[in-house]
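# Okay, predicted coordinates and the sequence, questions at the end:
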Amino acid sequence: MGFHIGIVLSDNVRAKNLHLIAPADSPNTDGIHISQSNLVKVTRSTIETGDDCVAAIQGCTEVAIKKVTCGPGHGISVGSLGKYPDEKDVRGITVKNCTLKNTDNNGIRVKTWPGSPAGSATGILFENIAMINVSNPVMIDQEYCPSRTCNITKVKKSVTSTLRFLLLCLF
């Protein structure tokens with residue numbers, strides 16, 4: 001349980017040609033978990049897990065996820081954000097030319113905890129994403145609360161206005 005690869009407190013990282021596998025029903029098995037890092041590129045990889053294929057969380061800047069095939073799992077996420085005090089903002093996340101197939105919950109999503117301290121997620125681009133058999137292709141969840149005992153989010157609502165979507169959805 002956990003994640004296959006953690007990129008934390010890092011600069012100028014390239015992850016390329018990876019194939020990560022975990023059973024579809026294995027909880028909390030993120031493929032690549034990126035936090036407090038700058039200039040990270042994840043490319044030309046296949047990620048089959050029971051949770052997020054790639055998650056860019058607090059303090060990520062200039063992260064590019066390109067030509068990644070994801071599924072099963074929960075798709076590609078920005079967040080969850082705002083769970084802890086003093087989290088750093090997220091900016092410059094690009095997800096481009098990816099394929100998501102058979103993801104049981106989501107395709108691409110932005111998720112923030114309710115009751116979170118103020119913060120922001122800006123400059124997020126999802127472009128040319130092919131989705132095949134995806135339950136919720138696009139999810140912006142500002143009340144992410146797996147335990148269902150949470151308060152209202154304080155992460156800036158402008159997160160929804162900074163997203164550009166160019167998607168190809170196949171059902």
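Great, that's in hand. Residues are numbered from 1 along each chain as shown.
# Could you export the helix or strand where Arg109 lies as CSV, CA atoms only?
Using DSSP states H and E, the element containing Arg109 is strand 106-112. Extracted C-alpha coordinates of strand 106-112, given in CSV (Å, rounded to 0.1, in the frame of the first residue of the first chain):
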residue,chain,number,x,y,z
ASN,A,106,-12.4,9.1,-12.8
GLY,A,107,-10.5,10.1,-15.8
ILE,A,108,-8.9,13.4,-14.9
ARG,A,109,-9.7,15.3,-11.7
VAL,A,110,-8.8,18.1,-9.4
LYS,A,111,-9.6,17.4,-5.8
THR,A,112,-9.4,19.6,-2.7
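# helix or strand right after it?
strand 121-132.
# and that next one with strand 106-112, angle?
If you take axes from the mean of the first three to the mean of the last three CA atoms, to 10 degrees, strand 121-132 sits at 160 degrees to strand 106-112.
# so how far is strand 121-132 off the chain centroid?
Relative to its parent chain, strand 121-132 has a centroid offset of 10 Å by CA atoms, centre = their mean, to the nearest Å.
# For it, give the mean pLDDT please.
In this model, strand 121-132 has a mean pLDDT of 91.
# same for that strand, what does it pack against?
strand 76-81, strand 90-101, strand 106-112, strand 163-170 (3 or more CB pairs under 8 Å, 6 or more residues apart in numbering; DSSP states H and E). Where you see a C-beta, it was placed from the backbone N, CA and C, and this is true even at glycine.
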